[in-house]
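Undergrad: okay, sequence plus prediction incoming.
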Amino acid sequence: MIYLFPYVLSLAWESNLPNRRQALVSISKTASVAAIATVGFSKPVLAESDKANDRIIVPSIQLPSAPSGKTKPFPLASFGLQIYDNETAYRLTLVALEAGYRNFFASVLANNQQGFAKAIRDSGISRDDLYICGTVLSNRVNSYKDAYALTQKGCYENLNVMNKYSNGIITDLDMIMLDYPAKTEESIRGQWESFCDFAKEGHVSHLAVSNFNPMQLDACIDNTGIIPTVNQLPFSIANHPKGLMDENTKRGIHVQSWSPLSSTLPRYKATMAEIGSKYGKSAAQVGLRWIVQNGGSFCVQSKKKEHFVDDLCVFDFELSKSDMATLSDLSPPVGL
């Protein structure tokens with residue numbers, strides 16, 4: 001396994017992050033549904049197919065529980081609703097559910113959680129079968145008090161909006177995620193302690209962060225003893241600084257890519273497609289598989305059912321060591 005990322009997430013590192021609203025990649029290719037995925041430090045898991053309903057059952061991993069003691073399997077492929085309005089979010093959530101997605105990342109950045117919740121209401125899918133993550137944006141503050149209060153407000157806004165527009169189907173969340181770290185260590189502690197209190201009240205199973213470097217992760221952990229279960233990062237073939245996986249894995253944190261293909265396909269599609277031809281896979285499927293074999297999972301976006309299905313068909317093959325090395329070398333990881 002290749003471990004990546006030096007995690008110099010100063011302002012310079014943050015300035016290189018892809019924009020979430022631009023991270024839309026659509027791919028197309030028909031593929032099979034049986035799947036085996038090697039995920040980080042877990043054992044290989046089997047993905048099955050639900051032939052009667054023509055959908056894929058995505059492999060999951062078990063994350064540590066939040067302070068509430070709740071836990072739930074975490075599917076390795078997620079649909080991220082970062083860039084859609086409520087009407088589009090409603091329609092595409094139903095399409096994603098039909099394809100087989102059960103993990104959803106409804107971002108406060110797009111203000112589309114009403115549309116998402118209505119789709120869950122109308123889908124007929126059992127809440128027990130769904131993994132729902134909400135997000136909180138509370139990074140533009142400096143003090144502990146302000147960060148705690150703004151984060152707390154965001155937590156309950158997530159819960160109340162989803163509960164209201166799902167007609168009471170979404171009564172709690174499976175995950176709540178900080179979209180970005182606040183400006184200071186003190187304000188990061190305020191963000192995280194607010195999350196921990198929200199979990200202790202029983203409203204959420206897992207606590208997560210996005211775009212946090214090691215120092216920011218430790219600001220959360222050292223003061224509370226509560227470890228984020230997921231760190232969502234723009235991890236990809238085109239963006240894999242040295243130590244990224246290592247720094248998160250040694251803290252017991254799972255990495256989910258929020259921009260798995262947007263910066264990779266425009267630069268390396270030809271090489272990825274050539275490698276994919278050996279496995280009967282597309283360039284995009286190769287890019288997603290590379291993330292999985294490095295121990296991560298991914299959050300994707302699309303507009304068509306066939307594209308949603310294609311993104312799930314990455315668990316039924318394994319890239320060779322030489323192909324993994326070739327892909328990793330396409331964009332050599334930056335040193336310290």
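TA: Happy to help now that I have it.

Undergrad: residue ranges in this structure under the pLDDT threshold?
TA: 1-55, 335-336 (pLDDT under 70).

Undergrad: which residues sit in contact with Glu185?
TA: Shown in contact with Glu185 (CB atoms under 8 Å, 6 or more residues apart in numbering): Met215, Gln216, Ala219. Every residue, glycine included, has its C-beta placed from N, CA and C.

Undergrad: as TSV, these with distance to Leu265, neighbour count and secondary structure would be great.
TA: Compiled in TSV, the contacts of Glu185 are given as follows (distance: CB to CB, whole Å; neighbours: other CB atoms under 10 Å; DSSP: H, G, I helix; E, B strand; the rest coil):
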residue	distance to Leu265	neighbour count	secondary structure
Met215	32	14	helix
Gln216	29	23	helix
Ala219	35	22	helix
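
Undergrad: tell me the secondary structure at Asp316.
TA: coil (DSSP: H, G, I helix; E, B strand; the rest coil).

Undergrad: name the element the closest residue to Ser123 other than its chain neighbours belongs to?
TA: The shortest distance from Ser123 to any non-neighbouring residue, by CB to CB, 6 or more residues apart in numbering, is to Leu97 (5.2 Å). Leu97 belongs to helix 86-99 when assigned by DSSP states H and E.

Undergrad: which residues touch that helix?
TA: Under CB under 8 Å, 6+ apart, the answer for helix 86-99 is 54-56, 79, 81, 84, 104, 106, 110-116, 118-120, 122-123, 125, 302-305, 308-309, 312.

Undergrad: still on that earlier bit, roughly how far apart are the residue nearest to Ser123 and Asp128?
TA: Leu97 is 14 Å from Asp128, where distance means CB to CB, to the nearest Å.

Undergrad: same check on Trp258?
TA: 26 Å.

Undergrad: same question, Ser78
TA: 18 Å.

Undergrad: ditto for Lys250
TA: 33 Å.

Undergrad: ok, now Leu330?
TA: From Leu330 to Asp128 the distance is 41 Å (CB to CB).

Undergrad: so between the two, which is more surrounded?
TA: Neighbours of Leu330 and Asp128, each counted by other CB atoms under 10 Å, are more numerous for Leu330; the result is 15 against 6.

Undergrad: may I have the phi/psi pair for the residue nearest to that one when sequence neighbours are not counted?
TA: Leaving aside its chain neighbours, Leu330 sits nearest to Tyr268 (4.9 Å; criterion: CB to CB, 6+ apart). Per-residue torsions, Tyr268: phi -130, psi 20 (degrees, to the nearest 10).

Undergrad: try Lys200
TA: Taking degrees, to the nearest 10 as the convention, Lys200 sits at phi -60, psi -30.

Undergrad: helices of this structure, start to end?
TA: 11-15, 86-99, 113-123, 144-165, 185-200, 214-224, 244-249, 265-277, 283-293, 305-312, 321-329 (DSSP state H).

Undergrad: Cys133: which of those helices is closest?
TA: Closest to Cys133 of the helices of the chain, according to CB to CB: helix 144-165, at 9.3 Å.

Undergrad: chain neighbours aside, what residue packs nearest to Ala110?
TA: Per CB to CB, 6+ apart, closest to Ala110 is Gln82, 5.4 Å.

Undergrad: number of residues surrounding the one you found?
TA: Here the number of neighbours of Gln82 (other CB under 10 Å) works out to 24.

Undergrad: now do Pro75
TA: By other CB under 10 Å, 22 other residues sit near Pro75.

Undergrad: ok, it to Ser297 distance?
TA: 8 Å.

Undergrad: can you pull the contacts of Asn103?
TA: Counted by CB under 8 Å, 6+ apart, Asn103 has contacts Val58, Phe74, Pro75, Leu76, Ala77, Ser78, Phe79, Tyr131, Cys133.

Undergrad: orientation of the helix holding Leu97 relative to helix 305-312 in degrees?
TA: Computed by axes from the mean of the first three to the mean of the last three CA atoms, to 10 degrees, the angle separating helix 86-99 from helix 305-312 equals 60 degrees.

Undergrad: could you give the angle of helix 86-99 to helix 144-165?
TA: Using the same axes, to 10 degrees: helix 86-99 against helix 144-165 is 70 degrees.

Undergrad: just the buried positions in helix 86-99, please.
TA: Residues Asn86, Ala89, Tyr90, Leu92, Thr93, Leu94, Val95, Ala96, Leu97, Glu98, Ala99 are the ones in helix 86-99 that count as buried (16 or more other CB atoms under 10 Å).

Undergrad: how about those residues in a markdown table, adding distance to Ala284?
TA: Formatted as a markdown table, these follow (distance: CB to CB, whole Å):
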| residue | distance to Ala284 |
| --- | --- |
| Asn86 | 27 |
| Ala89 | 22 |
| Tyr90 | 25 |
| Leu92 | 18 |
| Thr93 | 21 |
| Leu94 | 23 |
| Val95 | 18 |
| Ala96 | 16 |
| Leu97 | 21 |
| Glu98 | 20 |
| Ala99 | 15 |
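
Undergrad: closest one to Asn211 out of those, please.
TA: Of those, the one sitting nearest to Asn211 (CB to CB) turns out to be Ala89, at 22.2 Å.
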